[in-house]
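> Okay, here's the prediction I keep looking at, along with the sequence it came from:
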Amino acid sequence: MSSRGFLVCADITGYTGYLSHSELEHATGTLADLLRLLLAHVRAPLHLSRVEGDAVISYATAAAGIPGQLVVDQLDDTYVAFRRALEQMVLNTSCRCNACANIGELDLKFVVHHGEFAVQRLAQQDELVGPEVNLLFRLAKNRIRQSLGLPGYVAFTAEALEALALPGFGETLRDHTELRALTGELDSVRGLTQALQSQAHEAANPWLADEPFFLKPPYDLRRGRGGAKPLAVLFETRSCAACDELHREGFKRSEVLAQLARFDVARLALDSPLELTTPGGAKMRAADWARELKIVYAPSIVFFDRRGREVFRIEAYLRPFHLSGSFEYVSNGAYAREPSFQRYLQAKAERMRARGKAVDLWK
């Protein structure tokens with residue numbers, strides 16, 4: 001059965017050149033970390049389809065009632081998280097190989113289209129089928145970066161702009177006619193440096209906010225002792241607007257606090273020299289453990305079960321419904337039954353609506 005909706009391709013730019021001039025082991029590790037971050041930022045109203053090389057494909061059906069501004073904001077947030085992750089990678093490495101030295105050459109682009117497509121569930125992923133899907137892949141192979149000098153950007157087809165239904169938004173974009181032969185319409189491009197600039201101007205605390213439910217040092221995070229709760233480890237940095245919002249919004253909601261009570265919660269700074277004992281029993285500095293876990297974004301939360309095994313992680317700022325859902329996903333063991341957190345949340349929202357409860361995925 002076909003649907004109409006948005007089709008989104010998030011593609012890491014510069015990766016082919018980066019790979020050809022870099023040591024394969026470190027280069028592929030960098031790609032894996034960045035793709036994992038992009039996957040973590042695919043959240044409602046978007047749904048993950050699949051990873052295609054150095055690109056992540058997602059979609060949203062019109063039946064979901066998609067607010068156009070939410071789509072634009074989500075792309076902006078993903079880009080800012082990607083750029084911050086690159087900065088963190090550069091700061092956290094002392095390796096002098098080409099792969100680590102050239103991380104800063106990478107960037108991110110999005111291509112957004114709107115049209116008809118079918119979704120086929122194959123091998124635990126949503127395979128998108130149809131001429132409009134094929135068009136999305138062709139649109140992703142363009143020369144916008146070279147011709148317009150934009151390292152990171154979002155390219156919208158005319159159909160996507162119309163579906164966003166944002167008055168005046170089109171006037172803020174740059175026209176680009178290169179793809180007219182493919183779409184039959186004019187395409188527009190939005191540079192993403194403004195997303196970085198707007199978030200850079202957000203006031204961010206130069207200190208780490210504290211919470212009464214955080215464990216106190218010294219940190220012995222080993223599990224397996226009688227009555228041990230599952231563990232959630234929050235990694236943050238100072239002067240982090242997304243971290244501030246997590247404390248200001250997420251940690252103040254009653255539904256989030258109810259889930260937090262089921263966990264031991266430790267908060268660590270990404271650069272902390274504090275000595276700790278990991279869930280696996282190793283003794284090391286918090287900063288070294290963060291590097292071992294390949295944490296590249298703040299805030300990130302890594303979940304461990306009662307035996308000290310990592311079972312889930314979120315590497316993105318989540319809105320309260322998604323945040324409480326992530327803790328519930330681990331505490332009730334749903335991660336072992338449903339490998340897709342997104343599908344788990346979708347089913348939860350449907351059950352709540354069936355009981356007559358209002359569900360706001362955006363707040």
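Here it is on my side, so go on. Every value quoted in this text rests on a predicted model; they were computed, and no experiment measured them.
> What's the separation between the closest residue to residue 57 other than its chain neighbours and residue 121?
Spatially, and ignoring its direct neighbours in sequence, residue 57 is nearest to residue 49 (4.3 Å; Cβ to Cβ, 6 or more residues apart in numbering). In this view, the C-beta of every residue, glycine as well, is placed from N, C-alpha and C. Per Cβ to Cβ, to the nearest Å, residue 49 is found 11 Å from residue 121.
> what residues do those two have in common as contacts?
residue 127 (Cβ atoms under 8 Å, 6 or more residues apart in numbering).
> According to the record, where do the domains of the chain fall?
2-200, 219-354 (automatic domain parsing).
> Give me the distance from the shortest one to the chain's centre.
Right, the one you point to is domain 219-354. 15 Å (Cα atoms, centre = their mean, to the nearest Å).
> Then stretch 58-73?
16 Å.
> Burial check on the residue nearest to residue 57, number of neighbours?
Per other Cβ atoms under 10 Å, the neighbour tally for residue 49 reads 21.
> Quick check: it is in a strand.
Yes. Assessed with DSSP: H, G, I helix; E, B strand; the rest coil, residue 49 lies in a strand.
> For the residue nearest the centre of the chain, give me the backbone phi and psi.
With distances taken as Cα atoms, centre = their mean, residue 41 lies nearest the centre of the chain, 2.0 Å away. Torsion angles at residue 41 (phi, psi; degrees, to the nearest 10) stand at phi -90, psi 0.
> Could you check how far it is from residue 74?
Per Cβ to Cβ, residue 41 is found 7 Å from residue 74.
> now swap in residue 156 and tell me
14 Å.
> Please identify which of the two sits among more neighbours.
residue 156 (24 against 20).
> The more buried one pairs with what?
Beta-bridge pairing of residue 156 under DSSP bridges involves residue 112, residue 188.
> And the helices in the stretch 151-300 of the chain?
Taking DSSP state H, counting those that start in this stretch, the helices of the stretch 151-300 of the chain run over residues 158-164, 180-183, 193-200, 241-248, 254-260, 286-292.
> check which helix or strand covers residue 119.
For residue 119, the element it lies in under DSSP states H and E is strand 107-122.
> need the contact list for the closest residue to residue 172 other than its chain neighbours.
Once flanking residues are discounted, residue 172 sits nearest to residue 190: 7.0 Å by Cβ to Cβ, 6+ apart. Residue 190 sits next to 153-156, 172-174 when contact means Cβ under 8 Å, 6+ apart.
> Would you check which pair of those residues lies furthest apart?
Greatest spacing in the contacts of residue 190, by Cβ to Cβ: 155 and 172 (14.0 Å).
> more crowded one of the two?
Using other Cβ under 10 Å as the criterion, residue 155 and residue 172 rank with residue 155 on top: 26 against 10.
> circling back to that earlier point, what about the contacts of residue 190, which are in strands?
153-156, 174 (DSSP state E).
> Return the member of those nearest to residue 100.
Nearest to residue 100 among the ones in strands among the contacts of residue 190 is residue 153, at 25.8 Å by Cβ to Cβ.
> Tell me the pLDDT of that closest one.
For residue 153, the model assigns a pLDDT of 87.
> Can you verify my assumption that it contacts residue 147?
No. The pair residue 153 and residue 147 fails to qualify as a contact (Cβ atoms under 8 Å) at a distance of 11.1 Å.
> neighbour count winner among these two?
Remark: of residue 153 and residue 147, residue 153 carries more neighbours, 24 against 11, as counted by other Cβ under 10 Å.
> how far out from the middle of the chain is the strand holding residue 119?
17 Å.
> pLDDT weak spots in the chain?
Residue ranges of the chain with pLDDT under 70: 63-65, 91-94, 176-187, 192-204, 225-227, 360-363.
> How about residue 312, nearest residue that isn't a chain neighbour?
In space, residue 312 is closest to residue 303, 4.4 Å off (Cβ to Cβ, 6+ apart).
> Tell me how many other residues crowd that neighbour.
Using other Cβ under 10 Å, residue 303 has 21 other residues around it.
> Now it: which helix or strand?
Going by DSSP H and E, residue 303 is part of strand 300-304.
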